[in-house]
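Student: Show me the folded form of this:
(2 chains)
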Amino acid sequence: MTDTGTPPLVRLQDLNVKFVTRESTVSAVNDVNLTLKAGEVLCIIGESGSGKSVSMRALMRLLPERRARITGTVEVDGKDVLSLKGKELSDLRGGLVSMIFQEPMTALDPVYTVGHQIAETVRRHEGCTYDQGMERALELLELVKVPSAERRLRAFPHELSGGLRQRAMIAMALSCRPKLLLADEPTTALDATVQIQVLILLRKIQAEMGMGVIFVTHDLGVAAEIADRVAVMYAGRIVETGTVQEVLGNPKHPYTQGMLSSTVHGNMRGKDIEAIPGSPPDLRAMPPGCAFAPRCKYAEAACTTALPPEVIFDAGRMARCIKVAPDSVRQKELVPAE
Amino acid sequence: MIAYILRRLLFVIPIALGVSIVCFALVYIAPGDPLNTLLPEDASAETIAMVKKAYGFDKPIPVQYFIWLGKVLTGDFGNSIASGRAVTDDLFKALGNTILLAGGAVVVAFSLAFVMGLVAGYHSGGPVDRAVTGIAVIGVSIPNYWLGIVLVIIFAVELNVLPATGMGPRGSDTFNFWEWDHFRHLLMPMLTLSMIPIGIITRTTRAAVAEVLNQDFVETLRAKGLGEREILVHVIKNALPQVLAVMGLQFGYLMGGSILVETIFTWPGTGFLLNKAILTRDLPVLQGTILVLAMIFVATNLVIDLLQTMVDPRLKRS
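Tutor: Numbering: from 1, shown residues only, chains lettered A, B, ... in the order given. Below you'll find the predicted structure:
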């Protein structure tokens, strides 16, 4: 994953997030390494509870400070996010990095107009007046193709449909021209047709503005539509990375393979879907070896004793599985089981 | 918005009529005859009939209601049976005194409770929250007449620093807010009266703030880069409708419900007036006072409703 030349826009190194409560410690994210180049779209795929959203929030330090222990390195555009203090951190949020959330229903403040909420962000980061912020908000709503934008500026979130609300959310996220956009399942709560519209819009704006995007989803179709690169997460770990063609076309990790074979295709009527048996491990008590081993049909004794190494095939092409490690491939050092 | 206000005002008319019927009827449902206190026990049947006629009690009750309503609409509540004075004079004087007392309690209770609730909501689960919740529970649990008596024992009887009764020195029946000699008479009844609203509003504010802080949009506000102070404004505006609802109810109770406290401190307000009127079965005073208090309650609710819709536009639909 070493890329010489320009430094990456995002660099996550050994990112760990643990939620500590009196009763238990949940290891939500374990030793995640990721890089994102400027202008690149990375999709993080994984099922619920695999640590996708938590990783996103760690990138902006949005996790509750009292309970979440974040360790490792989080660098965005050369800034060490984990060491930022008060004002520096809030300058980063919404300025350099912004985020689109899953539920447009609840992610907007219900008692302020859409325009106000966008203008507020602009005013916060660009130090302009409220009216200038409103003008910018209008431009943004037009940019995200909200019909009769001027009227929608004065609308409250509950007066808009889910799709329009998500567009308003996107407009808000784009308001200060961020270099990095984090999208946490932005289309999951939308109707299928609206989903496609929003995806196309995001892709187009991304290309125009040249933003780096990390897009979290559990929908492989969405990933195929929008991603340049894909990272597959399972139980808080990245198990496979690569370009979208590589990962979806030639999956290496049994989990990715299982996920792909459990999707529905056109000519499957009448046949059973091949689901992955079992359920993800309890993040409070992780098994010592590969977290996927109990559900893996290729599992052998070695899988449950030590954590499989990251097997690197090419720059940016990795799978964390002992079965895919041919002798000719250079192995990263074996990670001892904890 | 103006159309909405007008529509809400129209809704008030049937409510007001209903309230007036209840006010009028209640007094008839209640046991006791006002004439008993007025006439000697051995009054002859003719005398009774004559007095009944003089007060209009001989007519059928619906007719009495409409006559009463007609007068009420012109501001005439009739004359007190006990004192013979116009009910309007006594009533509005008492009302002024109650507004003074309740208003003081409202300012103290609402501001204190709101701040305490806000702080507790922000630190929900922590020691500050537990302390504030403790205060709130004490506030709602202590009966205010008991607290009033205990305060009198401590500050008037034992320490002798505050007057036990009345609203001014030497039985003064006027009140000057800006004069310490008068103002100190207000302190104990005001404190007594504010305890329950403090408890209730603190708990409501705390719950509302904690609930708002748990909502997704707060994370969005953080993700936009807003500072804690700007987020606080959003949180307050979202919590406000719930808090306003409870404040409105409490204001209504304070305006009419301080019979016990006003009686303990002989504060000549509406509660005190009602208490006297009940004891003497003074029908016109009772009807007039209850009606005016009920109307204040209705008006308060209307104002709160409108304020809530101004804060939270989602409420306009229902």
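
Student: Any residues of the stretch 201-318 of chain B in contact with chain A? List them.
Tutor: B:215-217, B:219-227, B:230, B:234, B:237-238, B:311-314 (CB under 8 Å from any CB of the partner chain). For the C-beta atoms, the positions are set from N, CA and C on the backbone; glycine is no exception.

Student: Show the buried residues in those.
Tutor: For these, a burial check counting by 16 or more other CB atoms under 10 Å in any protein chain shown picks out B:217, B:219-226, B:230, B:234, B:237-238, B:311-313.

Student: could you pull out the helices for chain B?
Tutor: Secondary structure of chain B (DSSP state H): helices at B:2-29, B:34-38, B:45-55, B:61-73, B:87-122, B:127-141, B:144-151, B:180-213, B:216-223, B:228-256, B:259-264, B:270-279, B:283-311.

Student: same check, this time on the stretch 1-150 of chain A
Tutor: For the stretch 1-150 of chain A, the helices defined by DSSP state H, counting those that start in this stretch occupy A:52-60, A:86-92, A:104-107, A:114-126, A:130-143, A:149-153.

Student: Dump those into a markdown table; add distance to B:Asn301 and mean pLDDT as well.
Tutor: Shown next, in a markdown table, are the helices of the stretch 1-150 of chain A (distance: least, CB to CB, whole Å; pLDDT from 0 to 100):
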| stretch | distance to B:Asn301 | mean pLDDT |
| --- | --- | --- |
| helix A:52-60 | 43 | 90 |
| helix A:86-92 | 41 | 88 |
| helix A:104-107 | 29 | 86 |
| helix A:114-126 | 29 | 93 |
| helix A:130-143 | 34 | 92 |
| helix A:149-153 | 33 | 91 |
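
Student: Could you dump these into CSV and include distance to A:Lys179?
Tutor: Listed next are the helices of the stretch 1-150 of chain A as CSV, based on distance: least, CB to CB, whole Å:
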stretch, distance to A:Lys179
helix A:52-60, 13
helix A:86-92, 10
helix A:104-107, 22
helix A:114-126, 13
helix A:130-143, 17
helix A:149-153, 25
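
Student: Quick check: which of those is nearest to A:Gly46?
Tutor: Nearest of those to A:Gly46, taken as CB to CB: helix A:52-60 at 4.9 Å.

Student: anything in the closest one near chain B?
Tutor: Yes - Helix A:52-60 reaches chain B (CB under 8 Å from any CB) through A:Met60.

Student: Output that helix as PDB, nothing but the C-alphas.
Tutor: Taking Å, rounded to 0.1, in the frame of the first residue of the first chain, the C-alpha atoms of helix A:52-60 are listed here in PDB:
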ATOM      1  CA  LYS A  52     -17.300   0.800   9.400                       C
ATOM      2  CA  SER A  53     -19.200   3.700  11.000                       C
ATOM      3  CA  VAL A  54     -17.000   3.700  14.100                       C
ATOM      4  CA  SER A  55     -13.900   4.100  11.900                       C
ATOM      5  CA  MET A  56     -15.600   7.000  10.100                       C
ATOM      6  CA  ARG A  57     -16.400   8.700  13.400                       C
ATOM      7  CA  ALA A  58     -12.900   8.100  14.700                       C
ATOM      8  CA  LEU A  59     -11.700  10.100  11.600                       C
ATOM      9  CA  MET A  60     -13.600  13.100  12.900                       C
END
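
Student: From the rest of the structure, what touches it?
Tutor: A:10, A:12, A:15, A:17, A:28-29, A:32, A:34, A:44-46, A:63, A:68, A:70, A:74, A:76, A:81, A:92-93, A:97, A:99, A:182, A:184-185, A:214, A:216, A:218, A:233, A:236, B:223 (CB atoms under 8 Å, 6 or more residues apart in numbering or on different chains).

Student: change it to 6 Å
Tutor: With contact meaning CB atoms under 6 Å, 6 or more residues apart in numbering or on different chains, helix A:52-60 is reached by A:17, A:28-29, A:32, A:44, A:46, A:63, A:70, A:74, A:93, A:97, A:182, A:184, A:216, A:233.

Student: If you rank these by neighbours, which is first?
Tutor: Among the contacts of helix A:52-60, A:Val29 has the most neighbours (other CB atoms under 10 Å in any protein chain shown), with 31 neighbours.

Student: and that residue, what are its bridge partners?
Tutor: A:Val17 (DSSP bridges).

Student: And it, how close does it get to A:Asn16?
Tutor: In this view, A:Val29 and A:Asn16 are 6 Å apart by CB to CB, to the nearest Å.

Student: How many residues are close by A:Asp314?
Tutor: For A:Asp314, the count of nearby residues is 11 (other CB under 10 Å).

Student: How about B:Val152?
Tutor: 20.

Student: can you tell me which residues contact it?
Tutor: B:Ala164.

Student: Contacts only, for A:Gln195.
Tutor: The neighbours of A:Gln195, taking CB under 6 Å, 6+ apart as the test, are A:Thr187.

Student: give me the element it is part of.
Tutor: Secondary structure assignment for A:Gln195, by DSSP states H and E: helix A:192-209.

Student: ok, now A:Val239?
Tutor: Element membership for A:Val239 (DSSP H and E) is strand A:237-243.

Student: Quick check: mean pLDDT of that strand?
Tutor: Taken as a whole, strand A:237-243 has an average pLDDT of 92.

Student: Show me what that strand is packed up against.
Tutor: If you count contacts as 3 or more CB pairs under 6 Å, 6 or more residues apart in numbering or on different chains; DSSP states H and E, strand A:237-243 packs onto strand A:229-234, strand A:317-319.

Student: could those strands go into JSON lines alongside distance to chain B?
Tutor: Converted to JSON lines, the helices and strands packed on strand A:237-243 look like this (distance: least, CB to the nearest CB, whole Å):
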{"stretch": "strand A:229-234", "distance to chain B": "21"}
{"stretch": "strand A:317-319", "distance to chain B": "29"}
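
Student: Nearest to B:Phe251, out of the ones you listed?
Tutor: Of all those, strand A:229-234 sits nearest to B:Phe251, with 54.2 Å by CB to CB.
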